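Novice: structure of the sequence below:
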Amino acid sequence: MNPFLTDLPQENRLKVLPPEIAFPNMDFPLTVREVHQYFVYGSHSHSGFLELVLVTGGMAAHYFGKTRHQISVGDLLVIPEGVKHGYDTIADLRYYNILFNPQKLGLPINELALVPGAEELLNLKNVPNPGGYCHLSTENFEKARLMALELHNIQARQIHGMRFAAIGQLMVLLDFLCRCFAESIQYEPPEKVHRLSLLVDEMESKYAADWDISDMCRITHLSRPILFREFQKIYNTSPMDYLLNIRMRHACLLLTGSAFSVGEIAAACGFTDSSYFILRFRKRTGMTPRQFRLLSAGGHDL
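Specialist: Prediction:
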């Protein structure tokens, strides 16, 4: 199972994507893709299907309707018909992309509507809706990831009875995700979550600064062990690794959108040593900054 680079045809960018684009077989409107997206593509909306996104790696800014927010591992998005959305400030973004039309698949909509969270997450009443969003806990994310993987594998095998098995697995996944969503909207964020949100906002705006753990403890008013424990719970990573993700995201933008040297980009993104920057970049993306720049420019001499 190999991730692939999302590459919408030029004529389909910034437009409404019809179901013919989403489904190889219009008699069976269900498509499951494992996407590895490096670059920014134009925003789009779609008609005739829902889009479910489960982020499994990397980071990006996701905008839909009039909202824009950062997404990372564990985030769940559902984009209804007619809402323009897209991604920018992408850093090695990976996600499961599940496109489906529940009515044409014959899903039991009346029963689905009884599942907690389903009406809101999947917009079953077709009211004006900017889309559903929630962040899954580490345990729930891993369960959802394995369910999505199984759905992907069922469809990829194309065995006899594939449609029956795929619809069954889709219903299991939707039931689980709707219940996770219902739990998330009933959750009252504690004070620690607010403090960590302030820290993340500060890191986003001052990513090139010389950060250390004491700065983070000062902003959040949390001790070092509590900071690391609570940050890991919410963001599934450490504070310093989160900062590194932000820096890498901005480095990718500068590599693709400027003529600055690798050393200049390293300094602009908070790295005092360009060799260390190259090492971390290669570990994070699987390529050097130079290779990334050539690839994004359409070069093939890597």
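
Novice: ranges for the strands of the stretch 1-150 of the chain?
Specialist: Secondary structure of the stretch 1-150 of the chain by DSSP state E, counting those that start in this stretch: the strands cover 16-17, 30-37, 45-46, 50-64, 67-72, 75-79, 85-100, 132-135.

Novice: from those strands, which stretch is densest packed?
Specialist: strand 75-79 (a mean of 23; mean count of other C-beta atoms under 10 Å). Bear in mind the C-beta positions are built from the backbone N, C-alpha and C, glycine included.

Novice: any idea how far stretch 106-125 is from the chain center?
Specialist: 23 Å (C-alpha atoms, centre = their mean, to the nearest Å).

Novice: list the buried residues in that stretch.
Specialist: Within stretch 106-125, the residues scored as buried using 16 or more other C-beta atoms under 10 Å are 107, 112, 115-123.

Novice: nearest to Thr56, of the residues you listed?
Specialist: Closest to Thr56 out of the buried residues of stretch 106-125 is Leu121 (18.8 Å), distances taken as C-beta to C-beta.

Novice: and the closest residue to that closest one other than its chain neighbours, how far is that from Leu122?
Specialist: Distance criterion C-beta to C-beta, 6 or more residues apart in numbering; nearest residue to Leu121, sequence neighbours excluded, is Gly132 at 4.0 Å. The spacing between Gly132 and Leu122, counted by C-beta to C-beta, to the nearest Å, is 7 Å.

Novice: report the buried residues of stretch 235-248.
Specialist: 235-237, 239, 242-248.

Novice: now what about that stretch, what contacts it?
Specialist: Residues outside stretch 235-248 that contact it (C-beta atoms under 8 Å, 6 or more residues apart in numbering) are 58-59, 72-74, 91-92, 138, 141, 196, 199-200, 203-204, 207-208, 211, 213, 216, 227-228, 231-232, 269-271, 280-281, 284-285.

Novice: spit out the residues that contact Gly132 and Leu122 alike.
Specialist: Here Gly132 and Leu122 have Val78 as joint contacts, going by C-beta under 8 Å, 6+ apart.

Novice: coming back round to it: adding pLDDT and distance to Arg33, write the buried residues of stretch 106-125 out as a markdown table.
Specialist: Below are those laid out as a markdown table (pLDDT from 0 to 100; distance: C-beta to C-beta, whole Å):
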| residue | pLDDT | distance to Arg33 |
| --- | --- | --- |
| Leu107 | 91 | 20 |
| Leu112 | 87 | 23 |
| Val115 | 90 | 25 |
| Pro116 | 90 | 28 |
| Gly117 | 87 | 24 |
| Ala118 | 87 | 23 |
| Glu119 | 84 | 26 |
| Glu120 | 82 | 25 |
| Leu121 | 85 | 20 |
| Leu122 | 84 | 19 |
| Asn123 | 77 | 21 |
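
Novice: closest one of the residues you listed to Thr31?
Specialist: Leu107 (15.3 Å).

Novice: neighbours around the nearest residue to the closest one once chain neighbours are set aside, how many?
Specialist: Excluding the flanking residues, the one nearest Leu107 by C-beta to C-beta, 6+ apart is Met171, at 6.5 Å. Using other C-beta atoms under 10 Å, Met171 has 17 other residues around it.

Novice: now do the strand or helix carrying Met171 against strand 85-100, angle only.
Specialist: Counting by DSSP states H and E, the element that carries Met171 is helix 162-185. Angle, helix 162-185 to strand 85-100, by axes from the mean of the first three to the mean of the last three C-alpha atoms, to 10 degrees: 130 degrees.

Novice: list the buried residues for the helix or strand that comes right after helix 162-185?
Specialist: Using DSSP H and E, the next helix or strand after helix 162-185 towards the C-terminus is helix 191-205. Buried positions in helix 191-205, judged by neighbour count with 16+ other C-beta under 10 Å: 192, 196, 199-200, 202-204.

Novice: show residues contacting helix 191-205.
Specialist: Contacts for helix 191-205 (C-beta under 8 Å, 6+ apart): 70, 211, 216, 219-222, 226, 230-231, 234-235, 239, 242-243, 246.
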